[in-house]
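Student: no FASTA, just this:
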């Protein structure tokens, strides 16, 4: 697979790997069928993502987009996190091979699923945030 | 470099390269030309055809040179269906190479009916299922001799006999088998057989289609009178000569290589299953498995990721994962065998060849074990498993 050096660097040395204890929001998206599942853990204080981590089952692109997405949202406000899309992640990675671009959607979905979980737990509404897709469905 | 992908393609033997060179240089003449230098080139093709026929137990007139396995597979199916008088029903298996399956899918959209025989958990087609699937309008049966992903060797002689009794032509894709297990086409009893040179140390872009005398099959390529007008196009002379040389060397070494490579295969399987937990072997064991094929699934992780880490350390292998192919479905072969999507996505194929030794097994284990461990530490599926099995 023709990955660029940025993607390979994030794949070989992924940032923010692991599970956050007492996470304020956890989101899991994807399925085993098409080969990727991503789980994001958020620690949120005063509307700011103070910490983030992930676990991903998937290909090189899935791991690299997970790593990059967590880097992009760390320290950001919820409003700013909502601006981070799959395109933002793709650009930050200097692109992905065409057949792998769908992997970047997974990262966006996982972050939003974790935000949704946070909003549900807090009983708040986040402007523009929609409920995450069911786990069984394809992303 | 640790090359463990010999089923994808194999390194060319130096003797093969040397045998080909004159036909790329001074012996460049068109074998169809009448002058004497060209007749020498023609003779090289004829000699190779005679050798291949002899080596595989059939007449040289039944050997046709093609561009490789995919062309031969396409030819067998399209050429037979186009000429078929019985009907337009095809019987094949769910675990065939795409060179067969995608032709069948295409023909299904054009008025053909296809029965895909199931395979069992080890990848075997049941010969009795074939007997039940045959109909009065069945035009062709095509079942591969040895599976490219899991190495399962089918009972082709038994199935060919069942088809013969019903008067249905039988084709087998032997791309992974020729040069790897002993083959006598007459004893197999098939009407058509495909193979490719680059799987046994020959060049790419050359292969064979065996067609038993009297088998009704139209050409795929029309034009000149090459290959007795069954396959038009100026011959790939250097390729043909290289294929002959590669087959000669391979068959000389075959008796000892089967024993040696099978032992390496069994050693690698045993090492992986012993050293790495939550791992399973896909396919059959013993002499029903290709000597060089190892296919294992690592639970909780995805195949392409494993390959990337191996690649960073100079090791080449392949995977049945959905991601690697750019599709959203894992290997159709593993899926047909009843292997779960999660395990199919974690499948890695190591295919051993003439150049591999026991040292390669140890070298692989040095990088494979940490690669799997690293990816499991990243995997939410592994986390879920650990949580669900806490204290049990």
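Tutor: Good, I have the coordinates. Please read these numbers as outputs of a predicted model, since none were measured by experiment.

Student: CA only for contacts and neighbour counts going forward, please
Tutor: Fine.

Student: What is the longest helix of the chain by residue count?
Tutor: Using chain A here. helix A:102-122 (DSSP state H).

Student: nope, chain B
Tutor: helix B:237-275.

Student: hang on, isn't residue B:45 packed against residue B:239?
Tutor: No: between residue B:45 and residue B:239 there is no contact under C-alpha atoms under 8 Å: 9.8 Å.

Student: any chance you could map the strands in chain A?
Tutor: With DSSP state E, the ranges of strands along chain A come out as A:25-31, A:36-45, A:48-57.

Student: strand partners of the second one, parallel vs antiparallel please.
Tutor: Looking back up the chat, that one is strand A:36-45. strand A:25-31 (antiparallel), strand A:48-57 (antiparallel) (DSSP bridges).

Student: Pick out the residue nearest the middle of chain A.
Tutor: In chain A, the residue lying closest to the centroid (C-alpha atoms, centre = their mean) is residue A:107, at 3.3 Å.

Student: Now that one: closest residue in space that isn't a chain neighbour?
Tutor: residue A:66 (5.4 Å; C-alpha to C-alpha, 6 or more residues apart in numbering or on different chains).

Student: Distance check, that neighbour against chain B.
Tutor: 11 Å (C-alpha to the nearest C-alpha, to the nearest Å).

Student: what about that residue, neighbour count?
Tutor: The tally of other residues near residue A:66 (other C-alpha atoms under 10 Å in any protein chain shown) stands at 34.

Student: Next up, the contacts around it.
Tutor: Listed by C-alpha atoms under 8 Å, 6 or more residues apart in numbering or on different chains, the contact set of residue A:66 reads A:38, A:54, A:56, A:104, A:107.

Student: With pLDDT and distance to residue B:16 added, can I get the residues you listed in TSV?
Tutor: Formatted as TSV, those follow (pLDDT from 0 to 100; distance: C-alpha to C-alpha, whole Å):
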residue	pLDDT	distance to residue B:16
A:38	95	49
A:54	98	51
A:56	96	46
A:104	86	46
A:107	92	49
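
Student: roughly how far is stretch B:383-390 from the heart of the chain?
Tutor: Averaging C-alpha positions (C-alpha atoms, centre = their mean, to the nearest Å) puts stretch B:383-390 39 Å from its chain's average.

Student: Can you name the residues in contact with stretch A:2-11?
Tutor: A:60-61, A:63-65, A:67-68, A:93-97.

Student: Buried among these? Need that as a selection in PyMOL.
Tutor: A single PyMOL command selects the buried members of the contacts of stretch A:2-11 (16 or more other C-alpha atoms under 10 Å in any protein chain shown):
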select buried, chain A and resi 60+61+63+64+65+67+68+93+95+96
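
Student: show me the contacts for the residue nearest to the centre of chain A.
Tutor: With C-alpha under 8 Å, 6+ apart, residue A:107 has these contacts: A:38, A:62, A:65-66, A:69, A:86.

Student: same thing with residue B:235?
Tutor: By C-alpha under 8 Å, 6+ apart, the contact list for residue B:235 reads B:31, B:65, B:226.

Student: mind checking how far the second one is from chain A?
Tutor: Separation of residue B:65 from chain A (C-alpha to the nearest C-alpha) stands at 33 Å.

Student: Is that residue in a helix, a strand, or coil?
Tutor: strand (DSSP: H, G, I helix; E, B strand; the rest coil).

Student: mind checking pLDDT for it?
Tutor: At residue B:65, the pLDDT value in this model is 98.

Student: do residue B:187 as well
Tutor: At residue B:187, the model reports a pLDDT of 98.

Student: Confirm that it sits in a helix.
Tutor: Yes: applying three-state DSSP, one finds residue B:187 inside a helix.

Student: Go ahead and confirm it touches residue B:157.
Tutor: Yes: if you go by C-alpha under 8 Å, residue B:187 and residue B:157 touch, sitting 7.2 Å apart.

Student: neighbour-wise, which of these two wins?
Tutor: Set side by side, residue B:187 and residue B:157 show more neighbours around residue B:157, with 17 against 11, by other C-alpha under 10 Å.

Student: Sort out which residues of the helix or strand that contains the more buried one are buried, please.
Tutor: Assigning secondary structure by DSSP states H and E places residue B:157 in helix B:156-165. Buried residues in helix B:156-165, counted by 16+ other C-alpha under 10 Å: B:156-157, B:159-163.

Student: now the closest residue to residue B:148 other than its chain neighbours, what's its secondary structure?
Tutor: In space, and not counting its chain neighbours, residue B:148 is closest to residue B:176: 6.0 Å by C-alpha to C-alpha, 6+ apart. At residue B:176 the chain is in coil, as set by three-state DSSP.
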